[in-house]
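**Student:** let me see the structure of the following:
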Amino acid sequence: MAPVFAHGRLRLYLLKLLDESPRHGYEVIRLLEERFQGLYAPSAGTVYPRLAKLEKEGLVTHSTEGGRKVYSLTDAGRGELADRADEIAGLEAEIRESVSTLAAEIREDVRGAAGDLRREVAAAAQEARTSSSPRQEWKEQAQRAKEESRRAKEEARDARRQATAARDEMERIARQVQEQVQSHARGGDWQAGLREGLAELTRELGQFGGGARKETPPPPAPEWTRDDTAAPPSADPARDLERLLDRFRDDVRDAARDLGVDDAQLREVRRHLSAAAAHITAVLHHRPG
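**Tutor:** Residues are numbered from 1 along each chain as shown. A predicted model of the protein is given here:
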């Protein structure tokens, strides 16, 4: 901003204001602000040192009223004003020009600030539009997560249905084995019943592949379960039972080695074995009357 007063002009204008009426320093500052229509207000650090200098030059004197210094012109001060009357008229014109210049600069500052504000608003709008993309991406991620959750629930329901089917199949096999074992046991031939029960369990385990029962012909019974190839009972039934269990174990182990076994199949086989063990134990507890 250009200086409001040229060099020495503020000093002359202070003499003019004091010539109008004695004033204290604050009143001088207020009058200057009014003359410049609020566009310029000198600070106390500008006015008071100049008043003190004028007083030192003998152009101004002061008295104290209410704790304030009230400045007034001396005869020397009025004499200087009279000598510079032409300059006073030019000074008034300079003040008007200064007011116009200040107003123009302020208008320019306002336009610049308005332009800056418009640019900031435009940048903020652009940022808002740009930031909408992450929000959209977040929405899409949330939708994908929702879809994945839905698929996981469907898979869980399918797994429960498969588990139920597997349990039902296990119970069917267990009942079938139990019926065969108990049928022979009631006739007194518990060894044949045990043989056939283990053979049936071996066949069922061989075709039970983790899911619904397949409609395929059952595999042939192991050779050791047939009456025409079975070893005759010995005098030690407990030893005969151990031989049957060994053959059963060997057949199941060979099938597992040849075909492989996964976690799901292992769980199902464990259930079958548990059921078979319970039924066979029940047969061993049975004594024909």
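**Student:** state the mean pLDDT of the strand or helix carrying residue 282.
**Tutor:** Using DSSP states H and E, residue 282 sits in helix 263-285. For helix 263-285, the mean per-residue pLDDT is 82.
**Student:** show me what it is packed against.
**Tutor:** Counting contacts by 3 or more Cβ pairs under 8 Å, 6 or more residues apart in numbering; DSSP states H and E, helix 263-285 packs against helix 85-186, helix 190-207. C-beta: built from backbone N, CA, C; applies to glycine.
**Student:** of these, which shows the lowest average pLDDT?
**Tutor:** Minimum mean pLDDT among the helices and strands packed on helix 263-285: helix 190-207, a mean of 67.
**Student:** in the following helix or strand past that one, which residues are buried?
**Tutor:** As assigned by DSSP H and E, the chain's next helix or strand after helix 190-207 is helix 237-259. For helix 237-259, burial by neighbour count (16 or more other Cβ atoms under 10 Å) applies to 240, 241, 244, 247, 248, 251, 252.
**Student:** output the helix holding residue 282 as CSV, nothing but the C-alphas.
**Tutor:** C-alpha atoms of helix 263-285 as CSV (Å, rounded to 0.1, in the frame of the first residue of the first chain):
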residue,chain,number,x,y,z
ASP,A,263,-10.1,-85.4,6.8
ALA,A,264,-13.8,-85.6,6.0
GLN,A,265,-13.5,-89.3,5.2
LEU,A,266,-11.5,-89.9,8.4
ARG,A,267,-14.3,-88.3,10.5
GLU,A,268,-16.9,-90.5,8.9
VAL,A,269,-14.9,-93.7,9.2
ARG,A,270,-14.4,-92.9,12.9
ARG,A,271,-18.1,-92.6,13.4
HIS,A,272,-18.7,-95.9,11.6
LEU,A,273,-16.0,-97.6,13.7
SER,A,274,-17.5,-96.2,16.9
ALA,A,275,-20.9,-97.5,16.0
ALA,A,276,-19.5,-100.9,14.9
ALA,A,277,-17.5,-101.2,18.1
ALA,A,278,-20.6,-100.5,20.1
HIS,A,279,-22.7,-103.2,18.3
ILE,A,280,-19.9,-105.8,18.3
THR,A,281,-19.4,-105.2,22.0
ALA,A,282,-23.1,-105.7,22.5
VAL,A,283,-22.9,-109.1,20.6
LEU,A,284,-20.1,-110.2,22.8
HIS,A,285,-22.2,-109.5,25.9
